[in-house]
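In: please work out how this folds:
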Amino acid sequence: MSLLSELRRRNVIRMAGLYVVGAWLVVQVAETVLPAFDVPGWVLRAVIILLAIGFLPALVLSWVFELTPDGLKRESALDPARRHDHVTARKLDVAVILLLLAVGGLTLWSHQRGPAPASDSPPQTAEGSASDTGPDAATASPASPTAQAASIAVLPFVNMSPDPEQEYFSDGISEEILNALVKVRGLQVASRTSAFGFKGQEALGVPTIAERLGVRHVLEGSVRRAGNTLRITAQLIDAQTDRHLWSETFDRPLTAENVFAIQEEISTAIVAALKASLALGDVGQLALTQPTDNLSAYDLYLQARSLMLGRRALDRAEQLLAKSLELDPAFAKAWELRAAITSLLTEYGFSELDPEMLDKQVVEYAGRALDLEPQSSLALAAMARVRGQVGRSLRGRVDFASVLSDLEAAIEIDPHNINAMNWLALTWALLGERERALSMFDRCHAVDPRFAPCAENRFDSMWVLGRNEEAYAAMLESLSRGVNVEGYANLHLLAEFEQRAAFLLLMNHPLWLPGWNRGNEMYEAFRHPQRDHAALREDLIRFLGDREQTYYMPTLLVPLGDYAAPPPSWLLWGEVYADYRRSPQFHALAAQSGMLDYWRAHRFPPQCRAASPDGFECGE
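Out: Numbering: from 1, shown residues only. Have a look, this model is predicted:
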């Protein structure tokens with residue numbers, strides 16, 4: 001009798017199949033159940049290793065012993081006339097079939113349920129699955145097979161700390177990992193705001209989220225910070241197959257060194273898991289710099305960064321950074337963020353300090369950051385932005401060529417610096433380079449479709465170019481996806497497309513004209529800008545009186561014929577503002593700000609030309 005025949009007779013081959021299927025089922029159950037009990041990741045690895053080690057002994061036992069009605073008997077001791085190997089074979093066949101059915105049921109259940117949550121992830125709820133408020137809400141569908149293979153989204157890690165206010169910390173962990181992965185050549189990484197737009201939408205399932213973000217892979221996880229301990233769980237999922245490629249749980253003492261070490265370990269492990277299959281090539285050493293060794297300073301920085309990204313409570317964010325820098329004066333990232341936030345305080349209504357004082361603070365903070373880190377993209381951009389503000393507000397004459405150069409340099413240092421892109425595009429818009437401005441807003445929008453400043457300035461730039469239907473569609477898309485700065489919409493588009501209710505609702509917003517009783521007349525004025533609106537203008541000026549005017553007031557006053565303050569740069573070159581561009585006030589703005597100097601040294605915008613040695617004129 002051949003060896004193969006003997007293996008079959010002794011049911012060794014059936015036992016091998018039974019063992020493999022059973023072991024696979026055990027692993028799948030363990031992978032699903034163990035995280036729910038906060039079991040460390042090494043336990044699952046140990047189970048897999050033990051099952052692999054047990055494979056050979058199981059085959060040896062099936063060769064030596066036979067299952068009989070009286071229990072296990074040595075095969076050599078059995079009477080050949082009373083063998084039960086055919087009965088054992090049928091029992092093993094039934095066992096294999098039952099295990100395969102169990103495997104199929106578990107696979108189907110796992111696919112419908114979505115990927116197993118991380119060990120610290122909260123349970124999914126019916127409320128989340130019924131939600132229609134997340135980004136691009138639509139019917140759930142599997143991850144797009146056309147998504148670039150080398151692509152990933154880093155979802156916001158779930159805050160599992162006892163204190164729900166610690167969410168900024170878990171967000172910060174996710175952001176630092178994302179920032180590290182962005183630097184990997186050949187890897188497409190979804191933007192921070194796009195990925196974070198799915199916060200609280202875990203019940204959609206990873207395949208659906210990946211499909212909407214246009215990526216193949218997703219990193220998700222959780223953070224638990226309690227006392228002096230830190231637990232971070234992360235898992236990498238191939239959304240197209242809904243398969244876990246890597247997962248790990250990190251339990252460490254809570255120190256700044258450990259926080260950054262874990263972020264680096266996770267980033268390195270992800271690249272290693274993707275590298276072979278995605279042909280990323282040699283990405284070199286993926287090393288994260290440790291910006292501070294003071295955990296309290298880093299904690300305050302994360303809180304401030306969270307407020308900055310949402311353009312919320314910027315005065316509070318500035319105070320947090322001041323405390324952070326008291327703890328670590330050499331914290332370059334805190335200095336650069338403080339510079340950027342200070343440059344926004346007046347625009348967003350968070351400071352009543354003298355603008356010149358704030359300008360000096362921005363230059364000081366950005367200078368400190370650049371002294372510590374000469375390649376600080378955000379500090380360079382903030383310093384350039386504040387110089388541009390000096391010109392726009394007529395507080396001094398500006399070299400706009402250097403402003404443009406520094407903003408372009410900031411983007412070259414960090415091609416994902418959306419703030420620098422937005423500020424560069426706004427500078428082009430001020431100078432009348434409408435196509436250049438829109439091109440940069442498009443680039444910013446492509447890098448981060450959910451960054452509200454670029455999204456809003458982008459549809460305004462379309463309106464400036466007369467592409468009104470395209471602008472209106474882009475505005476509706478931004479509003480429907482929640483991508484907007486509070487209280488802003490393009491009033492001209494609302495009036496042109498006869499959105500009276502939306503127009504009037506905006507008029508009652510605190511940033512516009514709450515309490516004014518001539519909203520309908522204002523709507524009609526924006527519907528028919530060519531008419532004489534002198535009486536409405538004077539009434540509005542009386543209504544405003546001596547009260548402090550918000551940043552949006554020139555948007556109402558200039559179209560009515562009051563040119564005391566210039567309109568925002570992103571609207572300046574629209575058709576409605578043609579009369580303003582022919583006014584002495586605009587000519588004074590161009591001459592005193594440095595705009596005219598720039599035009600003479602480089603070129604006039606397409607809609608303007610030099611009219612005399614000291615003057616110019618602009619058409620429609």
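In: show me what counts as buried in stretch 248-266.
Out: Within stretch 248-266, the residues that count as buried by 16 or more other C-beta atoms under 10 Å are 248-250, 256, 258-260, 262-266. Yep, even glycine has a C-beta here, placed from its N, CA and C like the rest.
In: as CSV, could you dump the C-alpha coordinates of it?
Out: Written as CSV, here are the backbone C-alpha positions of stretch 248-266 (Å, rounded to 0.1, in the frame of the first residue of the first chain):
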residue,chain,number,x,y,z
GLU,A,248,-1.6,46.7,17.6
THR,A,249,-2.3,47.9,21.1
PHE,A,250,0.3,50.1,22.9
ASP,A,251,0.2,50.4,26.7
ARG,A,252,2.8,52.9,27.9
PRO,A,253,3.3,55.3,30.8
LEU,A,254,2.0,58.8,29.8
THR,A,255,5.1,60.8,28.8
ALA,A,256,5.8,63.1,25.9
GLU,A,257,8.5,60.7,24.7
ASN,A,258,6.1,57.7,24.6
VAL,A,259,3.4,59.7,22.8
PHE,A,260,5.7,60.6,19.9
ALA,A,261,7.4,57.1,20.0
ILE,A,262,4.0,55.4,19.6
GLN,A,263,3.0,57.8,16.7
GLU,A,264,6.3,56.9,15.0
GLU,A,265,5.8,53.1,15.6
ILE,A,266,2.3,53.2,14.1
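In: what mean pLDDT does it have?
Out: Here stretch 248-266 scores 87 as its mean pLDDT.
In: figure out how far that stretch is from the centre of its chain.
Out: Its chain's C-alpha centre and that of stretch 248-266 lie 22 Å apart, by C-alpha atoms, centre = their mean, to the nearest Å.
In: need the residues that contact that stretch.
Out: Stretch 248-266 has contacts (C-beta atoms under 8 Å, 6 or more residues apart in numbering) with 40-41, 119, 173, 176-177, 180, 219, 221, 225, 227-235, 269, 286-288, 290, 292-295, 298.
In: repeat that for stretch 318-328.
Out: Contact partners of stretch 318-328, identified using C-beta under 8 Å, 6+ apart, comprise 292-294, 296-298, 300-301, 303-304, 307, 331, 334-335, 337-338, 341-342, 345.
In: the spatially most central residue of the chain and residue 421, how far apart?
Out: In the chain, the centroid-proximal residue (C-alpha atoms, centre = their mean) is residue 192; its distance is 1.5 Å. Separation of residue 192 from residue 421 (C-beta to C-beta, to the nearest Å) stands at 14 Å.
In: related to what we said a few turns ago, so the residue nearest to the centre of the chain touches residue 417, yeah?
Out: No: contact criterion C-beta atoms under 8 Å: residue 192 and residue 417 do not qualify, at 12.0 Å.
In: could I get the buried residue list for stretch 509-525?
Out: Using 16+ other C-beta under 10 Å as the test for burial, stretch 509-525 gives 511-513, 519, 522-523, 525.
In: nearest spatial neighbour of residue 588, skipping sequence neighbours?
Out: Distances taken as C-beta to C-beta, 6 or more residues apart in numbering place residue 394 nearest to residue 588, at 7.8 Å, with adjacent residues excluded.
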